[in-house]
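Enquirer: Structure, please.
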Amino acid sequence: MNEKGFFGSLFDLSFSNFITTKIIRFLYGLLIFFSGIAALALIVKGFSMGFWRGIGSLIISPLLFILYVVVARIWLELVIVIFRIAEHIAEINAFIKEKKG
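Expert: Okay, here's the model as predicted:
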C-alpha cells in the first residue's frame, strides 16, 4: 500500500490513505485534557453552589472523569479496529490479485 504522510493523506481525493490512524493519539490526548477541564469545572461549579455540593462534586468528578476517559478510549479503539480491518482487507485483496495475475 502506498503510505503517504499526514498532508498527503489529508488531500488524497481517492481516500486510499487514512488520516484517522495518524491522529488518533492526538485525539485521545485532547479527550483526556478536556475531560480533566470538565472535571475541574464541575468541582468549581459545585463549590460555587455551596460547600456540600462542592464536596459532592469533589467525590463525583473523578469518577466521571475516569468513566469518560474509559468510554472515549473504547470508542477510539473501535474506530482504529475498523480502520485496521480496512487496511488488512486491502492487503488480502492485493495478495489475491497478485496470486491470480
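Enquirer: so where do the helices sit in this structure?
Expert: 6-10, 20-48, 51-100 (DSSP state H).
Enquirer: highest average neighbour count across these?
Expert: helix 20-48 (a mean of 14; mean count of other C-beta atoms under 10 Å). For the C-beta atoms, the positions are set from N, CA and C on the backbone; glycine is no exception.
Enquirer: How far does that one sit from its chain's centre?
Expert: Remark: helix 20-48 is offset 12 Å from the chain centroid, using C-alpha atoms, centre = their mean, to the nearest Å.
Enquirer: Quick check: mean pLDDT of it?
Expert: For helix 20-48, mean pLDDT rounds to 95.
Enquirer: Check what pLDDT the most centrally placed residue in the chain gets.
Expert: By C-alpha atoms, centre = their mean, the chain has its centre lying nearest to L76, at 3.7 Å. Model confidence at L76, given as pLDDT, is 96.
Enquirer: who's in contact with it?
Expert: Contacts for L76 were tallied using C-beta atoms under 8 Å, 6 or more residues apart in numbering; they are I24, L27, Y28, L31.
Enquirer: cutoff 7 Å now
Expert: I24, L27, Y28 (C-beta atoms under 7 Å, 6 or more residues apart in numbering).
Enquirer: and the nearest residue to I55 once chain neighbours are set aside, how far is that from L78?
Expert: Nearest residue to I55, sequence neighbours excluded (C-beta to C-beta, 6 or more residues apart in numbering): G46, at 7.8 Å. Separation of G46 from L78 (C-beta to C-beta, to the nearest Å): 32 Å.
Enquirer: ok, now E98?
Expert: 31 Å.
Enquirer: just V44 next, same as before
Expert: Taking C-beta to C-beta, one finds V44 at 33 Å from L78.
Enquirer: quick one on the thing from earlier: now, which of the contacts of L76 sits nearest N93?
Expert: Nearest to N93, judged by C-beta to C-beta, of the contacts of L76 is I24 at 23.7 Å.
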